[in-house]
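Engineer: got a predicted structure here, sequence first:
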Amino acid sequence: MKIFNSILCLQSFSLIIEENNTLENKKFKNDIIDIIYSCIEEFGLRIVNISRLMTIKRYYGKTSLSNHSIFNIFTILNLGYFVYSDKEWYKFFYSLNGWESINSYDIAKEINLYLTRNLKNMCIEYNISLDGITNELMNFFTNHTIIYNHLEQLETFFYTHDFIKRIDKGNVLRFEDCVYDFDIGAPRPGRPMIFVLNQPITITIMIIGIKWKKSINS
């Protein structure tokens, strides 16, 4: 049931991106991003990632790949980890426990160099076959390149109108190897739904921050 519900969410999103290729309806797409976060919170990352793969397999397993379908596959695979807001790109890094500002060149590189590898690695991790889609991607990128200044479709689907307002509003501090969550009073890994963009700080400042927080609450 968990996988089914999560698949429904992603398959609905796949239909949306097939039918909407303009800059309209941005607010609805932002709601979809938040739904993905809700799915991760409720069902877990494993269920959501399996749903991503099964959605890609269902809708793109028997189609001839084009720039349009490449963008859609990239979006389904990465929804929730990239944001386009105020003409700027942002990416969530688990290794950095937060979001970082990137540019259009980085997005093009993510597609041209890493999309096939990331999709293949996820298939291996969850033991799922995409019936040749990764081979089709390799063949596509042998003869095609996504250009950094032709990303309007992705700008639409990753658009988040209030991202800047949501940055660093959570009750957490970001560090080099974790975030400190004041709600639970303990360190934990960073999560994309907590929009932490501030730069990682040192362990010394972490200790000072914890003591300062405790002094306020006491």
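Structural biologist: Now that the structure is in, tell me what you want to look at.

Engineer: run a quick neighbour tally on the residue nearest to Gly190 when sequence neighbours are not counted.
Structural biologist: Nearest residue to Gly190, sequence neighbours excluded (C-beta to C-beta, 6 or more residues apart in numbering): Asn97, at 3.0 Å. (Each C-beta comes from the backbone N, C-alpha and C, glycine too.) Each residue near Asn97 was counted by other C-beta atoms under 10 Å, and the total is 22.

Engineer: quick check, Asn97 in contact with Pro187.
Structural biologist: No. The pair Asn97 / Pro187 is not scored as a contact, 9.6 Å apart, by C-beta atoms under 8 Å.

Engineer: now the residue nearest to Gly190: how far from Ile47?
Structural biologist: 22 Å (C-beta to C-beta, to the nearest Å).

Engineer: go on, Pro187?
Structural biologist: 25 Å.

Engineer: report the contact partners of the residue nearest to Gly190.
Structural biologist: In this structure, Asn97 makes contact with 174-179, 189-190, 196, 200, judged by C-beta atoms under 8 Å, 6 or more residues apart in numbering.

Engineer: in strands, which of those fall?
Structural biologist: 174, 179 (DSSP state E).

Engineer: quick one, which of the contacts of Asn97 are buried?
Structural biologist: 174-175, 178-179, 190, 196, 200 (16 or more other C-beta atoms under 10 Å).

Engineer: hey, what's in contact with both of Asn97 and Pro187?
Structural biologist: Common contacts of Asn97 and Pro187, defined by C-beta under 8 Å, 6+ apart, comprise 175, 178-179.
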